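Engineer: Sharing a sequence plus its predicted fold:
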Amino acid sequence: MSELQGTRFEVTGADRARLATLWSTGVDHNGDAVAPFVDGEGGWPLRCCLTDSRPGDELAIVAWSPFPWGGPFAERGPIVVHARPCAGPAGTGVPPQFLRRAQVVRPYGADRRIAYDHIRLVEAGGGLPDAIAAALAVQDVDFVHARNVLPGCWSFTARRAS
């Protein structure tokens, strides 16, 4: 859990129950078969455990929607996960490897729409936790997605801590 600017928040990766379905069925959110590969170099940002991969890890690039609902703002895109069940994230704070990567902080309201006025670009090393806390401090913001800058892939979700 992180607390900055008076707003406590928790970070989560890919939903564990939905990952269990993907791992057991071998089918991603696009209906495509999961195609595992062995990572030769390491460094893939994994959404299942919020770590970076290591050489030799068995991974898969899958179509994924981090939203538990459908609709025009509930997009689906590629993420990298372990090809088999893993331990999951070690904590609920911002994973350190994302601090060194540029991210877009994209907030969403309870109306399931992007809160466009509160989207922020955060440069690598530029205060990602502060930007998340600032977005979550806005009353109409329900949760925040961190996303890779260029491809727009979902990195993780942040919500106010209870």
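Structural biologist: Received it, and whenever you're ready, just let me know what you need. It should be emphasised that the depicted structure is a prediction, and the values quoted were computed from it without experimental measurement.

Engineer: drop to CA atoms for contacts and neighbour counts, all remaining ones
Structural biologist: Will do.

Engineer: Check whether Val105 sits in a helix, strand or coil.
Structural biologist: Assigned with DSSP: H, G, I helix; E, B strand; the rest coil, Val105 falls in the strand class.

Engineer: tally of neighbours for it?
Structural biologist: Neighbour count for Val105, taken as other Cα atoms under 10 Å: 25.

Engineer: That one contacts Ile132, doesn't it?
Structural biologist: Yes: here Val105 reaches Ile132: they are 6.6 Å apart, a contact under Cα atoms under 8 Å.

Engineer: what are the phi and psi values for Asp117?
Structural biologist: phi -70, psi -10 (degrees, to the nearest 10).

Engineer: related to what we said a few turns ago, which residues do Val105 and Ile132 both contact?
Structural biologist: Val144 (Cα atoms under 8 Å, 6 or more residues apart in numbering).

Engineer: residues making contact with stretch 78-87?
Structural biologist: Stretch 78-87 is contacted from outside by 20, 23, 34, 36-37, 44-49, 57-64, 153-154, using Cα under 8 Å, 6+ apart.

Engineer: send the alpha carbons of that stretch over as CSV?
Structural biologist: Below are the C-alpha coordinates for stretch 78-87, written out as CSV (Å, rounded to 0.1, in the frame of the first residue of the first chain):
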residue,chain,number,x,y,z
PRO,A,78,-1.8,-7.3,-25.1
ILE,A,79,-0.1,-8.0,-21.8
VAL,A,80,2.7,-10.5,-20.8
VAL,A,81,2.0,-13.1,-18.1
HIS,A,82,3.6,-16.2,-16.8
ALA,A,83,2.3,-19.1,-19.0
ARG,A,84,1.6,-21.1,-15.8
PRO,A,85,0.3,-20.0,-12.3
CYS,A,86,2.7,-17.9,-10.3
ALA,A,87,2.8,-16.5,-6.8
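
Engineer: Give me the buried stretch members for that stretch, please.
Structural biologist: 78-84 (16 or more other Cα atoms under 10 Å).

Engineer: Could you export the residues you listed as a markdown table, including pLDDT?
Structural biologist: As requested, the buried residues of stretch 78-87 are exported to a markdown table (pLDDT from 0 to 100):
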| residue | pLDDT |
| --- | --- |
| Pro78 | 96 |
| Ile79 | 97 |
| Val80 | 97 |
| Val81 | 98 |
| His82 | 98 |
| Ala83 | 98 |
| Arg84 | 97 |
